[in-house]
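In: this one's sequence-less:
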């Protein structure tokens, strides 16, 4: 309190009669789920020689949510293509906490991105899974485990249509996501 009074007196003595307060500019991080390059998992071939996109996407989100040991275990032990029922059984066996929809519920996508968890969604008629890393009123961004160097931005409505045409499956681990980047 004495510091504040000292500052006010200093301004008054030096002739300053107004104190100008500058409101900081808040810039929202884009994408919301800004997975660092080193935490993005590329797709791999499983024991049956199938792509492991569902697990690669899960590994990326587990790392983003601070579960590195679990992500490494999943990468070493799981692989090949999955469908919701089989994925759930294996995730339960591995002790992964998750939330999921198979109903194409857009509110699930909104919740997952709003809470900075992101989610994995089916695309390409349901034969591929990617990570949804941003979802706002106009835009969506995905991280494709077949090309992890950059995020792909698409109009929100186009993404929803593709996801609905691809069985509407979305899943996310439910842990604590990384904090936002410091604002400037």
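Out: Okay, I see it. Keep in mind it's a predicted model, so treat the numbers as computed, not measured.

In: From residue 35, how far off is the spatially most central residue of the chain?
Out: Central residue of the chain (Cα atoms, centre = their mean): residue 118, 2.9 Å from the mean position. Separation of residue 118 from residue 35 (Cβ to Cβ, to the nearest Å): 8 Å. All C-beta atoms are positioned from the backbone trio N, CA, C, and that covers glycine.

In: Show me the common contact partners of the two, please.
Out: 61, 64, 131, 133 (Cβ atoms under 8 Å, 6 or more residues apart in numbering).

In: Can you redo those residues as TSV, where the extra columns are distance to residue 103?
Out: Formatted as TSV, the shared contacts of residue 118 and residue 35 follow (distance: Cβ to Cβ, whole Å):
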residue	distance to residue 103
61	20
64	24
131	20
133	22
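
In: count of residues packed around residue 98?
Out: 19 (other Cβ atoms under 10 Å).

In: was I right about it contacting residue 91?
Out: Yes: in this structure residue 98 lies within contact range of residue 91 using Cβ atoms under 8 Å: 5.6 Å.

In: coming back round to it: from the shared contacts of residue 118 and residue 35, pick the one nearest residue 165.
Out: Nearest to residue 165 out of the shared contacts of residue 118 and residue 35 is residue 131 (Cβ to Cβ; 18.5 Å).

In: helix or strand for the closest residue to the closest one other than its chain neighbours, which one?
Out: In space, and not counting its chain neighbours, residue 131 is closest to residue 143: 4.3 Å by Cβ to Cβ, 6 or more residues apart in numbering. Assigning secondary structure by DSSP states H and E places residue 143 in strand 139-144.
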